[in-house]
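Participant: Build the 3D model from these lines:
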Amino acid sequence: MMERHEILDLMSELKLTGMRAAFDDILATGVKRQHPVQQIVADLLNAEIAEKHARSIKYQLTIARMPLAKEIEDFDFEGAPINQTLVRELSTGAFLAEQRRPAKAVAPFTPDNPPADLPWLGNYSDQISRLDEKRHFSDPLPTTDSFVILLWNESLPGYKPLFAEVRERVLADYKDTEKRKLFIARSQTLRAQLQAAGANFGTAAAAEKLDVKSFANFPLREPPQDIPYAAFSALQTLESGQVAEMIAEATKGYLVYAQAKKLPDLTPANPRYAELQQQMMLRTSANNSSAYLAGLVERELKKSEPAAP
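Facilitator: Numbering: from 1, shown residues only. Sure thing, here's the model as predicted:
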């Protein structure tokens, strides 16, 4: 199974900036609300389409040589059909409080190093990088349960910090990297041991002082409500007796073991034969629809790509 950073790296390599920016929020929402894989993929594709559409509009404005923005103080309101008082009030952002949309001041930060209490800002490094004196605010950015708009204040000149200034951060990053290496090495060792234990997976896991959680037999179409989405996804790729790669989540991880996997009896002798046949027909239809949808999305993506200069 691919790690998160590997997926994000591939998205960057494929220039799927919209998909990369929305990846964590869409995946978190999908896991929380138990969205099917098709919906998560569709949400990611929609995020990419929206990003490419925005880039296309920006490119067209650029080649049209139209001014993207102007400082309010430089704008001549004389003879313009614009309410000067309203525009100046809106520029202060005070209306946010009046509309019960809380505004929060954020200390200066770099796009790839967001504030500790707002880690999700790291998902929008591309959008943050575009903000400057010509573009003071971002498009609405989705979070787990709402939207936010970033307001630009100023851009500070870059500089190369002294080691003394970043020493604590460097040490913390080093420790985190080493911990992750040890965690991965330990997970690989545990996986090999548990794989070798076979049917004695539970006993072997308990001997390593691991928490063990078992689920009664269930069909894939009706997974238990409390099974983690990532574990359920990994389970679908396993055969009987196999152990999946460690699934890491924040400060912990878990290993998934498929004790048994049995295909349904697809012969007419099965009392549920008609039901299973109908399910297979629906699944085939869904797969065909997904393939058709993927083709449509691919064509729309090509249409929204900026024209070559």
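Participant: any idea how far residue 49 is from residue 92?
Facilitator: 34 Å (C-beta to C-beta, to the nearest Å). To be clear about C-beta, it is placed using only N, CA and C from the backbone, and glycine gets the same treatment.
Participant: What of residue 262?
Facilitator: Distance from residue 262 to residue 49, by C-beta to C-beta: 40 Å.
Participant: These two: which has the busier surroundings?
Facilitator: Taking neighbours as other C-beta atoms under 10 Å, residue 262 and residue 49 compare with residue 49 leading, 17 against 8.
Participant: Helix or strand: which one has the more buried one?
Facilitator: helix 37-63 (DSSP states H and E).
Participant: How about residue 248?
Facilitator: strand 247-249.
Participant: helices or strands up against that strand?
Facilitator: helix 229-235 (3 or more C-beta pairs under 8 Å, 6 or more residues apart in numbering; DSSP states H and E).
Participant: can you pull the buried residues of the helix it packs on?
Facilitator: 229, 230, 231, 232, 234, 235 (16 or more other C-beta atoms under 10 Å).
Participant: Distance to residue 13 and pLDDT for those residues - can I get that in TSV?
Facilitator: Compiled in TSV, those are given as follows (distance: C-beta to C-beta, whole Å; pLDDT from 0 to 100):
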residue	distance to residue 13	pLDDT
229	26	80
230	23	81
231	28	83
232	28	83
234	24	84
235	29	84
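Participant: coming back round to it: give me the mean pLDDT for the helix holding residue 49.
Facilitator: For helix 37-63, mean pLDDT is 82.
Participant: For it, buried residues please.
Facilitator: For helix 37-63, using 16+ other C-beta under 10 Å, the buried residues are 40, 41, 42, 43, 44, 45, 47, 48, 49, 51, 52, 55.
Participant: Next: stretch 212-225.
Facilitator: residue 223.
Participant: first to last residue in it, what's the distance?
Facilitator: Using C-alpha to C-alpha, to the nearest Å, one end of stretch 212-225 lies 17 Å from the other.
Participant: Now do it: everything it contacts.
Facilitator: Residues from elsewhere that reach stretch 212-225, judged by C-beta atoms under 8 Å, 6 or more residues apart in numbering: 202, 205, 206, 227, 232, 236, 260, 279.
Participant: can we see that at 6 Å?
Facilitator: Stretch 212-225 has contacts (C-beta atoms under 6 Å, 6 or more residues apart in numbering) with 202, 205, 206, 232.
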